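Student: Got a predicted model here, sequence first, then my questions.
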Amino acid sequence: MVKPLYKYGKKRVITFSFDDGREQDEKLIPLLNKYSLKATFNLNGGRCRNDRFAKVTENGKFWVGSSELRDLYRGHEIASHSYLHKKINELSDEELEEDTIKDIETLKKAFGVEIRGYATPNGIRDKRMPAILKKHGICYERFTCREDTDMPFALPKDFLWWQPNPHFSYYAKDEGKKMIEDFFRTNEDLPCLYIWGHSYELELLDCKGSERWNGITDRYAYLEGLFENIAKRDDVWYATNIEIYDYITNLRRTRYDDTYIDNPTDIPIYFEINGKVIAAPPHSRFGV
Ligand SMILES: [Zn+2]
């Protein structure tokens with residue numbers, strides 16, 4: 001029996017994604033780091049509300065590429081969330097492409113890293129986006145809800161249609177707690193738990209969508225409880241969105257059945273063979 005595994009031979013992956021880049025990221029990130037959890041932060045280069053992180057120019061506010069800002073997000077992924085957080089379906093073709101390029105370029109300059117992911121603002125699916133994203137080097141597009149709830153932990157077949165698990169307030173509810181238990185119990189191949197939210201929701205108790213919180217007011221304490229529960233598990237890989245994309249894209253190029261493994265990629269790909277974890281070395285083909 002040959003079963004695919006995640007990086008380092010892990011059975012499961014957990015990833016987080018937080019949108020809009022507000023000052024509450026300054027409290028959220030140390031909490032993620034305390035539990036060695038990994039997240040992707042989806043930022044709007046042109047809509048930065050924290051003046052400490054931005055400077056006002058003639059054209060509006062822009063991110064500052066300060067070392068302080070780079071230090072804060074270090075170890076996590078920076079991804080695009082559009083330049084101005086507009087309703088992208090109301091933009092013309094030219095405006096949409098311009099908004100996308102502007103955000104990628106602004107974030108790239110501010111953080112000194114390649115921008116390879118995109119979370120759609122306002123959860124809008126616009127059929128023009130996949131072509132625009134691919135053209136500008138973006139590998140995945142993340143949405144805010146999931147249609148295939150029968151397979152809650154399945155990876156996307158197409159990463160340009162990546163539907164996460166529920167919002168981070170959900171896991172306080174009985175059905176959310178059950179979802180976490182199911183995730184740690186499932187024997188399906190390559191289960192992924194993908195939790196998303198906004199750091200400002202931890203403090204702005206009456207913000208849009210606050211009914212989701214079901215009366216929880218000490219949201220940092222709730223979140224720390226959630227982190228404590230899911231962190232530091234031996235069989236879990238904690239990864240950013242793009243790390244998952246990169247590993248899975250390589251795994252999907254690897255051919256295998258119960259008699260052989262053929263890994264044509266540049267990275268080791270992990271498998272469980274009759275209960276034993278092995279790493280198929282890059283560019284290797286062998287019988288099992
Ligand atoms: Zn947003």
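Tutor: Nice, thanks for sending it over.
Student: Where do the helices of the stretch 1-150 of the chain begin and end?
Tutor: Assigned helices in the stretch 1-150 of the chain, in chain order: 25-34, 67-73, 93-111, 129-135 (criterion: DSSP state H, counting those that start in this stretch).
Student: quick one: contacts for whichever residue of the stretch 101-250 of the chain sits closest to the ion?
Tutor: Ranking the residues of the stretch 101-250 of the chain by distance to the ion (CB to the ion) places P121 first, at 5.0 Å. For the C-beta atoms, the positions are set from N, CA and C on the backbone; glycine is no exception. Taking CB atoms under 8 Å, 6 or more residues apart in numbering as the contact definition, P121 lies against D19, N44, H81, S82, H85, K86, K87, I88.
Student: Around the ion, which positions in the stretch 1-150 of the chain sit nearby?
Tutor: When proximity is defined as CB under 5 Å from the ion, the stretch 1-150 of the chain approaches the ion at D19, D20, P121.
Student: can you redo these as CSV with pLDDT?
Tutor: What follows is those, written out as CSV (pLDDT from 0 to 100):
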residue, pLDDT
D19, 93
D20, 88
P121, 96
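Student: Turn the helices of the stretch 1-150 of the chain into JSON lines, including distance to F159, mean pLDDT and mean neighbour count.
Tutor: What follows is these, written out as JSON lines (distance: least, CB to CB, whole Å; pLDDT from 0 to 100; neighbours: other CB atoms under 10 Å):
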{"stretch": "helix 25-34", "distance to F159": "23", "mean pLDDT": "94", "mean neighbour count": "16"}
{"stretch": "helix 67-73", "distance to F159": "22", "mean pLDDT": "80", "mean neighbour count": "14"}
{"stretch": "helix 93-111", "distance to F159": "17", "mean pLDDT": "93", "mean neighbour count": "18"}
{"stretch": "helix 129-135", "distance to F159": "10", "mean pLDDT": "98", "mean neighbour count": "16"}
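Student: Could you say which one of the ones you listed comes nearest to R233?
Tutor: For these, the distance to R233 is smallest for helix 25-34, at 15.4 Å, taking CB to CB.
Student: Quick check: the closest residue to R142 other than its chain neighbours vs L84, distance?
Tutor: Computed as CB to CB, 6 or more residues apart in numbering, the closest residue to R142 that is not its neighbour in sequence is A119, at 4.3 Å. In this structure, A119 and L84 are 14 Å apart, going by CB to CB, to the nearest Å.
Student: neighbour-wise, which of the two wins?
Tutor: Summary of the neighbour comparison: A119 and L84, criterion other CB atoms under 10 Å, with A119 having more neighbours (26 against 17).
Student: these two touch, right, that one and H81?
Tutor: Yes: counting by CB atoms under 8 Å, A119 does reach H81; the two are 5.1 Å apart.
Student: Overlap in contacts, those two.
Tutor: Common neighbours of A119 and H81 are listed as D19, N42 (criterion: CB under 8 Å, 6+ apart).
Student: Wait, a helix at F286?
Tutor: No: the assignment for F286 by DSSP: H, G, I helix; E, B strand; the rest coil gives strand, which leaves it out of any helix.
Student: Who does the nearest residue to it once chain neighbours are set aside form a beta bridge with?
Tutor: Residue nearest to F286 in three dimensions, not counting chain neighbours: I261, with 6.1 Å by CB to CB, 6+ apart. According to DSSP bridges, the residues that bridge with I261 are Y256, F286.
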